[in-house]
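J.: Using only what follows, build the 3D model:
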Amino acid sequence: QVRLVESGGGLVQAGGSLRLSCAVSGRTVSDYTIAWFQQFPGKDREFVAALTLSDGVKHYDQTLKGRIAISRDNVLDTVYLQMNSLKPEDTAVYFCAADLDPNMAVAGGGAYWGQGTQVTVSS
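T.: Below is the predicted model of the structure:
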């Protein structure tokens, strides 16, 4: 079992930055790939970024790359999503997910999900 808890969302003005956190707990955390997704109202979740904890390999959505960065704190077992130059269209609920299979995690089929954190960007 793996438990994921997101935090760090909130209201920010366009052009601002936020750092989202995904606290990961459970057995063999280091075996997992952690992925971030965004979900717009009435839409399916969309991939943002992923980090495989065992080897540090990162994946990014190409349209967001350049404004986002995924990183980890090994001591705290936390994965971060830094988002810069935020736009109103970034407004969404952001989820983190975990899976032992990196491809599954990136594809949105993660075995474990957090509850999500709301990001609202005002114009």
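J.: Okay, the closest residue to residue 54 other than its chain neighbours and residue 99: tell me how far apart.
T.: Closest residue in space to residue 54, ignoring its immediate chain neighbours: residue 30 at 5.7 Å, by Cβ to Cβ, 6 or more residues apart in numbering. For glycine as for every other residue, the C-beta is placed from the backbone atoms N, C-alpha and C. Distance of residue 30 to residue 99, computed by Cβ to Cβ, to the nearest Å: 14 Å.
J.: ok, back up a step: residues near the residue nearest to residue 54, how many?
T.: 12 (other Cβ atoms under 10 Å).
J.: tell me the secondary structure for it?
T.: With DSSP: H, G, I helix; E, B strand; the rest coil as the basis, residue 30 sits in helix.
J.: Same check on residue 22?
T.: strand.
J.: What residues are recorded as beta-bridge partners of it?
T.: Under DSSP bridges, the beta-bridge partners of residue 22 are residue 6, residue 79.
J.: Now do it: how many residues are near it, please.
T.: Quick note: residue 22 (other Cβ under 10 Å) scores 27 neighbours.
J.: Give me the distance between it and residue 101.
T.: Residue 22 is 18 Å from residue 101, by Cβ to Cβ.
J.: again with residue 87
T.: As defined by Cβ to Cβ, residue 87 lies at a distance of 32 Å from residue 101.
J.: quick one, what contacts the residue positioned nearest the centre of the chain?
T.: In the chain, the centroid-proximal residue (Cα atoms, centre = their mean) is residue 36; its distance is 2.4 Å. When contacts are counted by Cβ atoms under 8 Å, 6 or more residues apart in numbering, residue 36 touches 20, 22, 47-50, 70, 79, 81, 94-97.
J.: I appreciate the help and will end here.
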